[in-house]
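**Student:** structure, please.
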Amino acid sequence: MTVSISGATILGGVKMGDQSVTTVTGEANENGTVVMVAPSGTIFVGVQFASYGTPTGTPGSYAIGPCHAANSMAVVSTYLLGQGGTINIPATNAVFGDPCVGTGKRLYVQAVAA
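**Tutor:** Residues are numbered from 1 along each chain as shown. A predicted model of the protein is given here:
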């Protein structure tokens with residue numbers, strides 16, 4: 001399901017009345033940290049994209065690459081959903097597992113706050 005709210009698109013989301021939403025993105029290389037900041041007075045209500053491995057693209061057009069931790073969406077959702085403020089997500093094998101041993105990885109995240 002795709003729902004448009006105030007010009008943003010939420011994939012698999014739920015309409016939040018006329019409340020505006022903000023798309024927040026973050027990227028980090030392996031062993032770094034993705035820092036996601038929900039605007040003041042909002043919480044994270046949806047995760048549109050999450051991939052730990054070799055994702056490609058730019059914010060708004062991320063894509064899963066040839067190496068991808070299948071648990072990426074579930075892990076990122078656990079960190080973000082229902083939370084406000086600043087959330088730090090470690091881009092590490094300890095958190096996601098190692099989906100491609102010997103390959104440098106990165107974490108790309110796109111989420112919605114309302």
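**Student:** buried ones in the lengthiest strand in the chain?
**Tutor:** Of all segments of type strand in the chain, defined using DSSP state E, the longest is strand 44-53. Of the residues in strand 44-53, F44, V45, G46, V47, Q48, F49, A50, S51, Y52, G53 count as buried by neighbour count, 16 or more other C-beta atoms under 10 Å. C-betas here are computed from N, CA, C, even on glycine.
**Student:** which non-adjacent residue is nearest the second one?
**Tutor:** Right, the one you point to is V45. In this structure, V45 finds its nearest non-sequential neighbour in A114, 4.8 Å apart by C-beta to C-beta, 6 or more residues apart in numbering.
**Student:** pull up the gap between the residue sitting furthest away from the middle of the chain and A50, please.
**Tutor:** Residue farthest from the centre of the chain, counting by C-alpha atoms, centre = their mean, is G102 at 23.8 Å. The gap separating G102 from A50 is 22 Å, by C-beta to C-beta, to the nearest Å.
**Student:** okay, the residue farthest from the centre of the chain: pLDDT?
**Tutor:** G102 carries a pLDDT value of 96.
**Student:** where does it sit: helix, strand or coil?
**Tutor:** Of the three states, G102 takes coil under DSSP: H, G, I helix; E, B strand; the rest coil.
**Student:** contact partners for Q110?
**Tutor:** Neighbouring residues of Q110 by C-beta atoms under 8 Å, 6 or more residues apart in numbering: T23, V24, T25, V47, Q48, F49, A50, P59, G60, Y62.
**Student:** quick one: it from N31, how far?
**Tutor:** As for Q110, its distance to N31 is 21 Å (criterion: C-beta to C-beta).
**Student:** show me the contacts for the closest residue to Q83 other than its chain neighbours.
**Tutor:** Excluding the flanking residues, the one nearest Q83 by C-beta to C-beta, 6+ apart is F44, at 5.6 Å. F44 makes contact with V24, M36, A38, L80, L81, G82, Q83, G84, I87, A111, V112, A113 under the criterion C-beta under 8 Å, 6+ apart.
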